[in-house]
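>>> Provide a 3D model corresponding to the input given below.
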Amino acid sequence: MHPRFLFHLLCTAATPIVAVSKAYDAEFVAQQFGQGAGTFETCRRYLRWFGLSGLPPNRGFDLLRYVERNRPFAPHAIHPLITHVFYGRRLGYDPAGMVWASAGFAKRNETIDAALPLRVGVHAHVYHSNLVPEIAARLSRLPPRTAIFVTTVEDGTAAVNADLPTPIERQIPQATIVRVPNRGRDVWPFMMLLRDGVFRDCDVILKIHTKTSPHLQPAPIAGAAWRRRMLFELLGSAAAIHAIFNRFAQMPDLGLVGAAGLRVPSYVLSPREAWGGNEAATRLLADRAGINPLAADFFAGAMFWARPRALEPLLKLELSAADFPEERGQVDGTLQHAIERLFVAAVKCAGFRAEDTLDCAPSDRALVGENAVTLPEYLVFGDQAIRRRTQRGQLAAS
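Prediction:
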């Protein structure tokens, strides 16, 4: 029996039980899907669309952290919520959703201390102008002297706002803006900055971008949740950022930290699925750069903290913008997809380790402050989560 057919069969069979369980919040799920709450069809669609976005079933349950925390004994094809409803809850499995981050821009005392012992750099690739506030809000908690480089595509690119630098300058005033050809998405601009040595004086650097993945279903929430998950894990709060920095400061062999739940292969993606249509190209690049041995091991979405020195093996590729294909909305099989699968391998080749952020996000709301939201809330609502929380409180009081 084909695994995907088995997956859909199990989802259909489990729907009547999951739909009436305490772990499934019909109204919360309906807000993600734009459909009526309380219908079995909405629940069935929710169970069938499990993926790297990890859309949550309620405000205190995170699917990907649930799998990382509990390692449920279940076939790869089973949705984590099904395992929890049928036996995980009885075994005391942690729903793993009660971790906290700050919504909106940093307020007083919410930024990292300027006396931090690490020199910090950032590369943010911004393609979608409507996501500048989201990126700016996350970066607002970094140390004041952080070296921030924002790349954006050159004028004349179709479907891109020609005035994109204006909101960047206004909302990320400390950033150096670099225009690049519309090739290689976030990967080529990052490789270019590494090649040009702009991070030579940095101990750790952050790579983020305005990922949307409109091809993922259910659109547009799946792509948005994937991006928000990475931003939450890597930049969720001053406490979370401190935890990541402390790991780099205390562990000289730590080369890269990626988002919890997105290191693949995993419960979500098998090795074959993780490679996609990129294995042959990735192996050719690895041989060219002398990165061996090579295995499927990477953080899906290519956002992470890293030591610049740990990524030096990639510079042996000596790439240029012309090596990357013209942008045509490709979802797999390009040079940038192959390089995404090389970051962790390069780190290991350089003698460093890669870890995730599973233990970085604070579980005590008091450590975050008044703008605290849970990971599931942030996945669904982003920086609007605080406003929605306030509205719910007002309705309850009325």
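
>>> Now do the contacts for residue 291.
Neighbouring residues of residue 291 by CB atoms under 8 Å, 6 or more residues apart in numbering: 285, 313, 342, 345-346, 349. Quick note: C-beta positions are derived from backbone N, CA and C, even for glycine.

>>> for the record, mean pLDDT for stretch 381-394?
Per-residue pLDDT over stretch 381-394 has a mean of 79.

>>> circling back: any chance of JSON lines for the contacts of residue 291, columns secondary structure?
JSON lines is the format used below for those (DSSP: H, G, I helix; E, B strand; the rest coil):
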{"residue": "285", "secondary structure": "helix"}
{"residue": "313", "secondary structure": "helix"}
{"residue": "342", "secondary structure": "coil"}
{"residue": "345", "secondary structure": "helix"}
{"residue": "346", "secondary structure": "helix"}
{"residue": "349", "secondary structure": "helix"}
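
>>> nearest residue to residue 135 other than its sequence neighbours?
Excluding its sequence neighbours, the residue lying closest to residue 135 (CB to CB, 6 or more residues apart in numbering) is residue 124, at 5.5 Å.

>>> ok, then the element right after the one helix or strand the one you found maps to?
Using DSSP states H and E, residue 124 sits within strand 120-125. Per DSSP H and E, the first helix or strand lying C-terminal to strand 120-125 is helix 132-139.

>>> After that following helix, which helix or strand is next?
Remark: after helix 132-139, the chain's next helix or strand is strand 147-153, criterion DSSP H and E.

>>> Give the residue spans of the stretch 151-300 of the chain that score low on pLDDT.
155-162 (pLDDT under 70).

>>> Hmm, residue 344 is touching residue 294, no?
No. Assessed by CB atoms under 8 Å, residue 344 is found out of contact with residue 294, at 10.1 Å.

>>> what about those two, which has more around it?
Just comparing residue 344 and residue 294: by other CB atoms under 10 Å the higher neighbour count belongs to residue 344, 24 against 17.

>>> okay, and the common contacts of residue 344 and residue 294?
With CB under 8 Å, 6+ apart, residue 344 and residue 294 have no common neighbours.

>>> Show me how far the longest helix seen in the chain is from its chain's centre.
The helix that spans the most residues within the chain, counting by DSSP state H, is helix 3-19. Its chain's C-alpha centre and that of helix 3-19 lie 27 Å apart, by CA atoms, centre = their mean, to the nearest Å.

>>> Following element in sequence after it, please.
On the C-terminal side of helix 3-19, the closest following helix or strand by DSSP H and E is helix 26-33.

>>> any idea of the mean pLDDT for the next helix-or-strand element following that next one?
Per DSSP H and E, the first helix or strand lying C-terminal to helix 26-33 is helix 40-48. The pLDDT scores in helix 40-48 average 90.

>>> list the buried ones in helix 40-48?
For helix 40-48, a neighbour-count test (16 or more other CB atoms under 10 Å) marks 42-48 as buried.

>>> got CSV for these, with distance to residue 19 too?
Converted to CSV, the buried residues of helix 40-48 look like this (distance: CB to CB, whole Å):
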residue, distance to residue 19
42, 8
43, 4
44, 8
45, 11
46, 9
47, 9
48, 13
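
>>> out of the residues you listed, what pair is the most spread apart?
Distances among the buried residues of helix 40-48 were taken as CB to CB; the most separated pair is 42 and 48, at 10.9 Å.

>>> which residue is nearest the middle of this protein?
Centroid check for the chain by CA atoms, centre = their mean gives residue 230 as the closest residue, at 2.1 Å.

>>> In this structure that one contacts residue 208, no?
Yes. Contact criterion CB under 8 Å: residue 230 and residue 208 qualify, at 7.1 Å.

>>> Mind listing the shared neighbours of these two?
Residues touching both residue 230 and residue 208 (CB under 8 Å, 6+ apart): residue 303.

>>> How many residues are close by the closest residue to residue 326 other than its chain neighbours?
Counting by CB to CB, 6+ apart, residue 183 is the residue found nearest to residue 326 once chain neighbours are left out, at 6.5 Å. Neighbourhood size, residue 183 [other CB under 10 Å]: 20.

>>> Numbering from 52 from now on, please.
In the new numbering, first residue 52, that becomes residue 234.

>>> What separation is there between residue 234 and residue 385?
Distance of residue 234 to residue 385, computed by CB to CB, to the nearest Å: 10 Å.
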